[in-house]
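**Q** after the sequence you'll find the predicted model.
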Amino acid sequence: MSEMFKGYKGRALAALKQYNVRVWGETQIRSTRGDFKGIILPRSENDDDRHIVLKLANGYNVGIAVETITDMKEVGYKEAHYKIPEKEFPITPNKPNVKLLGTGGTIASRLDYRTGAVIPAFSPGELYGAVPELADICNLTTEKLFAVFSENMGPQQYITLAKAIGKEIEKGIDGIIIGHGTDTMHHTAAALSYMVQNSPIPIILVGSQRSSDRPSSDAALNLMHSAKAAGESDIAEVMVCMFGPTSDEYGLLHQGTRVRKMHSSYRSTFRTIGDIPLAMVSRDKIIPIKKNYNRRRKDRTAAILPYFEERVAMVYYYPNMHPDIIDSLVENKYRGIIIAGTGLGHVNKPLYPAIDRAVKAGVAIYMTVQTLWGFVHMFVYDTGRDLMSLGIVPAENMLPEVAYIKLGWALGQTDDLSKVKELMLTPISGDITEREPYDGYLIFQGGVPEVREFLKTIHK
């Protein structure tokens, strides 16, 4: 009986029993919100008891509130199992050799409808079965370093990745792909930009916004684009490779210190901030956009600097912030603080005594801007000058998350705050730029006539 109604409880379970329909049953549902037809999927133990979930014919899942259902009828039954066919990955002598390091992101996956869980497809055979086009691009090998959600990525994982990348470079690999969840991909990209410097090969982080069982999944194209760039690109940087536009036109290669996830669900969520992307990439070609980048070399050396001090915090300033926020970090022996300040880099005056106490306690404090675009300019107003006199250091135009990662990396190497400052303010991998390009800040306001006319010219 439990398998017939797997995961359902309360009101949802009562509704299934009332109309005599089962999990895996192809079912027609009438509701006050419309008519639906699909396969009833199992639910996890932690889901609510108000919805019945259908897999529609178009591949999407929909939850139907029980209170809206007026009738249900089971018209068929077929227990579903997704199984990616596994084939031996063909090796072609003249193709580049690419290594995929796994962290837990489901860049390619299958959906296990028995549990409702997304199961990663990771072995070369599974990936070849899921995305056979990869064999036309490169010779792919894989290694799973760990399996964590991206929100659980942290210093230990950054260090493990950096060391693994160093070993692969020594072995002579032509390019490296890192499968990663998208939520904190930009943090890891920044960490690897500092921990792996002057790489002779491309190092590319890639993920997917939409799981592989969805028709609109970006997983396969992102994987193909990243394989193309890792194997053939002349750009030997730490990069993020994800969709450029939200359609399937091309991917973008973003520099690891200037990229940020900017939308919770769009496939084109990653954007280069305060600069322009390194390149456009498709299945057939790579088109550089920037001219200044670290180029691929034939040697097998890179500077591997796997350091990180975990007692670093990032504080997003808000009006009426109280000084105990800063004091508590000092009391808990934090060694560094990144502040995302308002405007040109400001916080309120009640914080000043706490900041003074922190600096005198040897805490390194750096100011960034929560506007994301633009530079910290703390000499313009009295507020900024007062904060600098207390010991806060402006972090130029580093993104807040990048400054956080860099401060942890710097403090992981030295207790000398003057040396930390030197590391922080020395540009590395484009984290600080001399100026923003004229098109490095573009946010179009939807809905206004001129923007609508412009969009018609690029998407007809």
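**A** Now that the structure is in, tell me what you want to look at. Numbering: from 1, shown residues only.
**Q** which stretches of the stretch 301-450 of the chain form strands?
**A** Using DSSP state E, counting those that start in this stretch, the strands of the stretch 301-450 of the chain run over 303-304, 312-316, 336-341, 364-369, 393-394.
**Q** looking at those strands, which is nearest to Lys37?
**A** strand 312-316 (46.3 Å; C-beta to C-beta). Backbone N, C-alpha and C define where each C-beta goes, glycine included.
**Q** what's the angle between that closest one and strand 364-369?
**A** With axes from the mean of the first three to the mean of the last three C-alpha atoms, to 10 degrees defining the directions, strand 312-316 sits at 30 degrees from strand 364-369.
**Q** tell me what strand 312-316 is packed against?
**A** Packing partners of strand 312-316 (3 or more C-beta pairs under 8 Å, 6 or more residues apart in numbering; DSSP states H and E): helix 324-331, strand 336-341, helix 400-411.
**Q** direction included, what does it pair against?
**A** strand 336-341 (parallel) (DSSP bridges).
**Q** got the angle between the partner strand and helix 400-411?
**A** Between strand 336-341 and helix 400-411, the angle formed by their directions is 160 degrees, by the same axes, to 10 degrees.
**Q** output strand 336-341 as CSV, nothing but the C-alphas.
**A** Provided in CSV are the C-alpha atoms of strand 336-341 (Å, rounded to 0.1, in the frame of the first residue of the first chain):
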residue,chain,number,x,y,z
GLY,A,336,39.2,39.8,8.9
ILE,A,337,36.0,41.6,7.9
ILE,A,338,34.7,42.6,4.5
ILE,A,339,32.1,45.3,4.7
ALA,A,340,29.7,45.9,1.7
GLY,A,341,29.0,49.5,2.4
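**Q** tell me the average confidence for it?
**A** Per-residue pLDDT over strand 336-341 has a mean of 98.
**Q** and the contacts of that strand?
**A** Here strand 336-341 makes contact (C-beta atoms under 8 Å, 6 or more residues apart in numbering) with 309, 311-317, 326, 329, 345, 347, 358, 363-370, 376, 392, 395, 400, 403-404, 407-408, 411, 420.
**Q** quick one on the thing from earlier: nearest to Met262, of the helices and strands packed on strand 312-316?
**A** helix 400-411 (12.2 Å).
**Q** now, of the contacts of strand 336-341, which are buried?
**A** Buried members of those, counted by 16 or more other C-beta atoms under 10 Å: 309, 312-315, 317, 326, 329, 345, 347, 358, 363-369, 376, 392, 395, 400, 403-404, 407-408, 411, 420.
**Q** to His180, which of the helices and strands packed on strand 312-316 lies closest?
**A** It's helix 400-411; of those, that one is closest to His180 (C-beta to C-beta) at 14.6 Å.
**Q** what's around Glu422, how many residues?
**A** Counted with other C-beta atoms under 10 Å, the neighbours of Glu422 add up to 12.
**Q** same deal with Ile52?
**A** Residues lying near Ile52 (other C-beta under 10 Å) number 27.
**Q** that one belongs to a strand?
**A** Yes - counting by DSSP: H, G, I helix; E, B strand; the rest coil, Ile52 is found in a strand.
**Q** for it, give me its contacts.
**A** When contacts are counted by C-beta under 8 Å, 6+ apart, Ile52 is found next to 8, 12, 15-16, 29, 40, 63-64, 66, 69.
**Q** what bridges to it?
**A** Ile64.
**Q** how near is it to Asn61?
**A** Distance, Ile52 to Asn61, by C-beta to C-beta, to the nearest Å: 11 Å.
**Q** quick revisit: among the contacts of Ile52, which one lies nearest to Cys138?
**A** Among these, and counting by C-beta to C-beta, the member closest to Cys138 is Gly63, at 39.7 Å.
**Q** from His254, how far out is the most centrally placed residue in the chain?
**A** With distances taken as C-alpha atoms, centre = their mean, the residue of the chain nearest its centroid is Thr182 (2.5 Å). Between Thr182 and His254 the computed distance is 12 Å (C-beta to C-beta).
**Q** any common contacting residues for those two?
**A** Listed as contacting both Thr182 and His254 by C-beta under 8 Å, 6+ apart are 242, 270.
**Q** paired strands for the biggest strand by length in the chain, with orientation please.
**A** If you go by DSSP state E, the chain has its longest strand at strand 69-77. Paired neighbours of strand 69-77 in the sheet (DSSP bridges): strand 25-31 (antiparallel).
**Q** tell me the helices and strands packed up against the helix or strand following the strand it pairs with.
**A** Reading on from strand 25-31 to the C-terminus, the next helix or strand found by DSSP states H and E is strand 34-40. In terms of contacts (3+ C-beta pairs under 8 Å, 6+ apart), strand 34-40 is packed against strand 25-31, strand 51-56, strand 61-65.
**Q** right, and the ones you listed - which one's nearest Tyr194?
**A** strand 61-65 (39.9 Å).
**Q** tell me how far the residue nearest to Val347 when sequence neighbours are not counted lies from Glu310.
**A** Distance criterion C-beta to C-beta, 6 or more residues apart in numbering; nearest residue to Val347, sequence neighbours excluded, is Tyr317 at 4.8 Å. Per C-beta to C-beta, Tyr317 is found 22 Å from Glu310.
**Q** equivalent analysis for Val53, please.
**A** For Val53, the distance to Glu310 - C-beta to C-beta - is 40 Å.
**Q** the two - which one has more neighbours?
**A** Legend: neighbour count by other C-beta under 10 Å for Val53 and Glu310, higher for Val53 (20 against 12).
**Q** any idea which element the spatially closest residue to Ser217 that is not a sequence neighbour lies in?
**A** Excluding the flanking residues, the one nearest Ser217 by C-beta to C-beta, 6+ apart is Arg210, at 4.6 Å. For Arg210, there is no enclosing helix or strand under DSSP H and E.
**Q** and Leu252, bridged to which residues?
**A** For Leu252, the beta-bridge partners are Met242, Met280 (DSSP bridges).
**Q** and the pLDDT for it?
**A** 98.
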